[in-house]
Structure formats: structure tokens, C-alpha cells
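Participant: Here is a sequence with its predicted model. Questions after.
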Amino acid sequence: MRDSAGGFYSAEHADSAIDPAHPEEKGEGAFYVWTQSEIEAVAGRPAAEWFCYRFGIEANGNVRNDPHREFAAKNILYQAHPIEETARQFDRPVAEVRAAILEAAHKLMEARGARVRPHLDDKVLTAWNGLMISAFAKAGAVLAEPRYAEAARRAADFIVAGMYDQTTGILLRRFRQGAAAIPGFLDDYAFFTQALLDLYQTGFEWRDLELAIRLTRKLAELFEDTENGAFYSTSAGDPTLVMRIKEDYDGAEPSGNSIAVLNLLRLARITGRPDFRASAQRALEAFGPRMAAAPVGLPQMLVAYEFSISKPKQIVLVGERDAPDTRRLLDVLHSRFVPDGIVLLVNRESRQALARYLPTVADMTALDGQATAYVCEDYACKLPTADPAAFAQLLQ
């Protein structure tokens, strides 16, 4: 699902040919599902028995809700039992069971490679990549998994390199096979800006925050209804559109308006810009009646509203990004859920630039040369600390 340069593709088809000799006969999930007998034939005994227990394989299939009988006798692999429990079940050493299951998995992957792979929708959409980048950036930080952080970084670089015009500030919506096209919609700008903010607050590269600010200004220029509040889904001037609408429904994806408002609020706290705060407030007022009448339809907008009325929380770390003492403080931070907070890193690269927005950071220094945390609420800071345990207490 990923381009070699880092962008994420849109989708893979659900159906594929059950038998390569009969490509016209397709089945739901045919590429991925297995019968127990197929696993036994490929993996052999006793590995197949251990593998089936580990991954929840049943002779009659493990799909409980199958109204159209598409998965009769088929199994969707899932981690039903840990390796250790599997070893106890069959009274075998853990190392032996782990090795046998791993070998069985390799054999099954090889066998699956002979199947007809589902069709791939290989277009890269800016909005969807924005959501992916946010997820991978947060997962990389919380789970301390560099592969996830790298996936987020590469996808963001892909969008900036191939789908963003540095001169005009225009973000494009779609990329496929070397060609980018279609000026971005509200959700492209909003979701990718959110991704940049999440990248900054987990990786602390100054360029991400700078671009988030530029894209937010462009979003307001292209989509904001400055008279009535909130944001149109499309920019002005498209002769093919009968009308411009303002989407507010947070369904399978959040609405562009909900994410745009939250971005503006986050950036208002980071930069102190009153125009960002005012745009967000106008949008919240515009959607106020909808939030009151049908709150279940606007959960992400309610997140933005909650953020707007919470006491501003700032967590400022003074230290170099990759230094061990800074990483120790970040490990503490990423083990906590701080939904209403903004996180800033003050170092050689960012101190002067951040001070232009928040002058107080100019006076924040590292204690005794150690990475130091400043935890502030409503712009009043508690005593700084370089001790991770004390930092954890301040976050409670």
C-alpha cells in the first residue's frame, strides 16, 4: 500500500480471483483467507496444528457473521493465542513452537504469492495521506517504533516534494504514476496540516511547523467564509460547481471543518496569533446549533470545542532533539495522554524562531546543561525540572 518514494496508496480491491485458471470467478478476500486443510497441506504437521491454534483457525471457518455465506469454511487469521500459551497447550518448548510457526508462516506466504493479487488503486491522495501520517507519527512516538516514525516522515516528504507548489502555496489533491493534479480541497489542506503538526510534536523538525503555518494561512485564503464563519469544501471560482458547501459531518473520516478548527486552535496556542483563534471561534459559532442539535454527528468538532474552552497547556522542552536526556523526557511525555496540550522543543534550531511567536521561550534554559521540561498552564509555568520522574508528576 506504499509507493517506493513513501506515499500511501488509496485502496486494494476486496475481491480477487479464487482460481488463477478461472479469473472471472472472484471471491471476497480470496487472496487472504485460508481453509484449515490448505494450511495443513502447506505447513505440514505438527506445525500446522500449532499455527492453527495460534491464529484461530477452525475446520468450519472462523467467520461468525457471514450473511452472504462468502466465507464458508474460510478463516481470517488473527492472533487468538500468544506463543507461550500455544506452547503450553501442546506441551512443547516455546522456542520450538515459535520457530515452527515462523517457518509455517513463510511457507504460507510463499503459497499465497501464487494467488491472483487484488487490483490496487495506486493513486496517492493528500487528505488520506495526512490521516496516515498523523497515525504513524503518533504511533512511532508512543510505541517507540522508529519504522513508524520513518513512514510518517517519508510520506510527508513525498507530499511536499510532489504535490506542493512552494511558489504559489497550492497543495494538490492527487498523485499517480509521476503526475500530480487537481487543486486541493479543504480536507487536503486540513488533514495534511494536522499531519505536519503531529509530526512536529513528535519529531520536532522546525520545517514541519513552518509549513503548517503557511498551509493554514492558505486554507483561510481559499476556503474561509469570513462573514458567516467556517470553511467551504472547495475554493471559489470553479465554474463547474453549482454551489459551495460547508461539510460538518464527522463520519468514516472527520470533516475538513473539524480538523481545520482544531489546527487553528493548536497553532493559535503555539504562535499566539489572534487571527487563527478568531477564525476558529467563528467556525465554532457557525456550527454551534448543529453541535447542540446533533452532537453525535460532529464528534471531532466537539473535540475542537473542548480544546477551545480548556485551559491552555504548554509543555516546553529545552534540549537537543536527539540527545539521550531529551529522549528520556520525551519517553515520559509520550506515555501520557495530554489531549489539550501543545508541545514545543527549544533548541539551537528553533529558539529564535519560536521566540518571535512566544517571547517567553527566549528565557527558558537547560538546568545544569541537562534537557529541561517546563510545564505551563494558562501561560503560568511551574518550576522547571530535568528529572524524568518529577516531569511525570508535573504532567498529572
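Facilitator: Everything's here; your move.

Participant: As a check, name the ranges of all helices in this protein.
Facilitator: Secondary structure of the chain by DSSP state H: the helices cover 36-43, 47-54, 83-90, 94-112, 126-142, 146-163, 186-203, 206-223, 256-271, 274-293, 299-309, 324-334, 351-357, 388-395.

Participant: closest one to residue 373 among these?
Facilitator: helix 388-395 (4.5 Å; CB to CB). Glycine gets a C-beta too; all of them are placed from N, C-alpha and C.

Participant: So for residue 178, which of the helices of the chain sits nearest?
Facilitator: It is, among these and with distance given as CB to CB, helix 146-163, at 8.4 Å.

Participant: Mind listing what's buried along that closest one?
Facilitator: By neighbour count with 16 or more other CB atoms under 10 Å, helix 146-163 contains the buried residues 148-149, 151-156, 158-160, 162-163.

Participant: Save those as a markdown table, and put in pLDDT and distance to residue 199 too.
Facilitator: Output for those, formatted as a markdown table (pLDDT from 0 to 100; distance: CB to CB, whole Å):
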| residue | pLDDT | distance to residue 199 |
| --- | --- | --- |
| 148 | 98 | 12 |
| 149 | 97 | 9 |
| 151 | 98 | 11 |
| 152 | 98 | 6 |
| 153 | 98 | 7 |
| 154 | 98 | 11 |
| 155 | 98 | 10 |
| 156 | 98 | 6 |
| 158 | 98 | 13 |
| 159 | 98 | 11 |
| 160 | 98 | 11 |
| 162 | 95 | 17 |
| 163 | 97 | 16 |
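
Participant: would you turn those residues into JSON lines with distance to residue 316?
Facilitator: Shown next, in JSON lines, are the buried residues of helix 146-163 (distance: CB to CB, whole Å):
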{"residue": "148", "distance to residue 316": "25"}
{"residue": "149", "distance to residue 316": "21"}
{"residue": "151", "distance to residue 316": "28"}
{"residue": "152", "distance to residue 316": "23"}
{"residue": "153", "distance to residue 316": "23"}
{"residue": "154", "distance to residue 316": "28"}
{"residue": "155", "distance to residue 316": "28"}
{"residue": "156", "distance to residue 316": "24"}
{"residue": "158", "distance to residue 316": "31"}
{"residue": "159", "distance to residue 316": "28"}
{"residue": "160", "distance to residue 316": "26"}
{"residue": "162", "distance to residue 316": "34"}
{"residue": "163", "distance to residue 316": "32"}
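
Participant: Just give me the closest of those to residue 137.
Facilitator: Relative to residue 137, and with distances defined as CB to CB, the nearest of the buried residues of helix 146-163 is residue 152, at 4.0 Å.

Participant: Distance check, the closest one against residue 195.
Facilitator: 8 Å (CB to CB, to the nearest Å).

Participant: how much space between residue 346 and residue 340?
Facilitator: Distance from residue 346 to residue 340, by CB to CB: 21 Å.

Participant: which one of these two has more residues nearby?
Facilitator: Using other CB atoms under 10 Å as the criterion, residue 346 and residue 340 rank with residue 346 on top: 24 against 17.
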